[in-house]
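Colleague: I need the structure of the sequence given here:
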Amino acid sequence: MNQTNAAQAKLFPGFSSHLFKGSEADIHYLRAGVGPPVLMLHGYPQTLSCWHRVAPALSSRYTVICADLRGYGDSSKPKGLPDHSNYSKRVMANDMVELMSSQGFERFHLVGHDRGGRVSHRMALDHPKNVHTISVLDISPTLKMFERTDMHFARAYYHWFFMLQPSPLPEEMLAGRVPFNILGRVGRSEPDLSNFSPEAIEEYVRVFSSPKAVHSSCEDYRASGGIDLDHDRADRASGLKLKMPLQALWGSTGVVASMFDCLADWQEVALDVTGKALPCGHFIPEEAPEQTLVELLAFFSKHPLEQNK
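Modeller: You can find the predicted model right below:
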């Protein structure tokens, strides 16, 4: 067990900090609670700290594990390979299956926001026996979003197309600018940080002060625009669809709501899809935490999971 840093201790009262030594990466995570397991995965440009307004309340009924994805937070940040495969969502998902198995959890509820939602989607495809339910926050499937790209979307999600450019130009231009290049900006003409706690922002600034973190996050996006699409196209060609219950939540004032039919998009790749818009923008766990908690609890209750440790 590692000592929780001061900011995370304040954000996550009662949680313990750990570092799991995986076969290919070390994954930092926080854990608290008792009951059926829930794995929560963050997005960009954030860390596990994005769950601080949801996870503590959830831990009163569930065993909650909030993890830093490979390349983010206090997890490993390996240099990207030429084909970016070590940041493919397949590999990032494997990290998390190993982590949960190490805790004795072979089946669990899975919640992912933004990049974490994309890792969650791949995990559910590759490891369906492990994922009891999946909740994806403010995303449509990656392949759908790339194939539907137009000028409106390219302007709103410009960072996708910038960060997937070859190294080192994106890294050099982002140095000293993350997380404020995106945090509070997605879908807005002017940035708004009013929904983010100072302690959470402190954590995002701390971790992205590392050049390795900036490089790793770019590798995440390079994989999404390359090898991840290869994997997604192969699944589509084979007719593979998710069979476990899938919950889609999206911000009513966000880019996804304005440009995509979130429910219909997920119904193309999954058989049991429910969901709704929440009154917020992209950063759902911090902009609408109470509503997020209500929706997650209702979804988990509808699809109960026997505690397996």
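
Colleague: strands of the stretch 101-250 of the chain, residue ranges please.
Modeller: 108-113, 131-137, 246-251 (DSSP state E, counting those that start in this stretch).

Colleague: low-confidence ranges, this protein, go.
Modeller: By pLDDT under 70, the low-scoring segments of the chain are 1-3, 307-309.

Colleague: please repeat the previous calculation with a cut-off of 50.
Modeller: For the chain, applying pLDDT under 50 flags the ranges 309.

Colleague: what's the closest non-adjacent residue to the most centrally placed residue in the chain?
Modeller: Residue closest to the mean C-alpha point of the chain, counted by C-alpha atoms, centre = their mean, is residue 116 at 1.5 Å. Closest residue in space to residue 116, ignoring its immediate chain neighbours: residue 41 at 2.9 Å, by C-beta to C-beta, 6 or more residues apart in numbering. Glycine gets a C-beta too; all of them are placed from N, C-alpha and C.

Colleague: same question for residue 259.
Modeller: Here the residue nearest residue 259, using C-beta to C-beta, 6+ apart, is residue 153, at 5.6 Å.

Colleague: what's near enough to touch the one you found?
Modeller: Residue 153 is in contact with 145, 255, 259, counting by C-beta atoms under 8 Å, 6 or more residues apart in numbering.

Colleague: what's the answer for residue 142, then?
Modeller: Counting by C-beta under 8 Å, 6+ apart, residue 142 touches 89, 118, 121, 224, 228, 229, 232.

Colleague: may I ask which two of the residues you listed are separated the most?
Modeller: Using C-beta to C-beta, the pair of the contacts of residue 142 lying farthest apart is 121 and 229, separated by 12.7 Å.

Colleague: and the two? which has more neighbours close in?
Modeller: Using other C-beta atoms under 10 Å, the more surrounded residue of residue 121 and residue 229 is residue 121, with 29 against 15.

Colleague: what about the more buried one, distance to residue 270?
Modeller: 9 Å (C-beta to C-beta, to the nearest Å).

Colleague: joint contacts of these two?
Modeller: residue 242.

Colleague: with just CA atoms, put stretch 73-80 into PDB.
Modeller: What follows is stretch 73-80, C-alpha atoms only, in PDB (Å, rounded to 0.1, in the frame of the first residue of the first chain):
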ATOM      1  CA  GLY A  73      -1.700   9.800 -13.300                       C
ATOM      2  CA  ASP A  74       0.700   7.700 -11.200                       C
ATOM      3  CA  SER A  75       0.700   4.700 -13.500                       C
ATOM      4  CA  SER A  76       3.500   3.600 -15.800                       C
ATOM      5  CA  LYS A  77       4.300   5.800 -18.800                       C
ATOM      6  CA  PRO A  78       6.300   3.700 -21.300                       C
ATOM      7  CA  LYS A  79       7.700   5.300 -24.400                       C
ATOM      8  CA  GLY A  80       5.300   4.700 -27.400                       C
END
